[in-house]
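Trainee: Just need the structure, nothing else, for what follows:
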Amino acid sequence: MKKTAVTSAEAPAAIGPYSQAVRAGDFLYLSGQVPLDPKTGALVAGGVKEQTQRVLDNLAAVLAAGGLAFSDVVKTTVFMTDLGRFAEMNETYAKAFAAPAPARATVQVSALPKGAQVEIEAVAWKCPGGCKN
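Mentor: Okay, the predicted model is just below:
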């Protein structure tokens, strides 16, 4: 199985030695996205809801570059600096994923890159032959 990098100019460039995503077979592994505006590289203004939306927009851009969409996501991990704000993140997150929603873990961390409050990584799967759920 060959692995290839997937990148999108519509998402922030990697801020370290990693790829925005890597395709391995039928899977696309997306690196964690933080709420950076891809045009300016700056953290978006606002709170957890606004940051979660920007993170989801960034993930959508990388998914699209890999020929996939949120409906192909099978697993996410959400990192937050304050789980007391979970409901705000979850309200925005829920709008992106139709049933069946992907499996998910949410963890609190002490800090995230660039002072972000939210980071999300994902794994997506492209069913061979375009099969339906």
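
Trainee: all contacts plus neighbour counts: C-alpha atoms, from now on.
Mentor: Fine.

Trainee: quick one: which helix or strand includes the most centrally placed residue in the chain?
Mentor: Compute the mean C-alpha point of the chain, and by CA atoms, centre = their mean the closest residue is Leu59, 3.9 Å away. When secondary structure is defined by DSSP states H and E, Leu59 falls within helix 48-65.

Trainee: now do Ala5
Mentor: The secondary structure element spanning Ala5 is strand 3-6 (assigned by DSSP H and E).

Trainee: quick revisit: what distance do you get for the residue nearest to the centre of the chain to Lys2?
Mentor: Between Leu59 and Lys2 the distance is 22 Å, computed by CA to CA, to the nearest Å.

Trainee: so how far is the strand holding Ala5 off the chain centroid?
Mentor: The chain centroid and the centroid of strand 3-6 are separated by 16 Å under CA atoms, centre = their mean, to the nearest Å.

Trainee: what's that strand packed up against?
Mentor: Contacts of strand 3-6 with other secondary structure elements, assessed using 3 or more CA pairs under 8 Å, 6 or more residues apart in numbering; DSSP states H and E, are made with strand 21-24.

Trainee: That's all I had, so thanks and see you.
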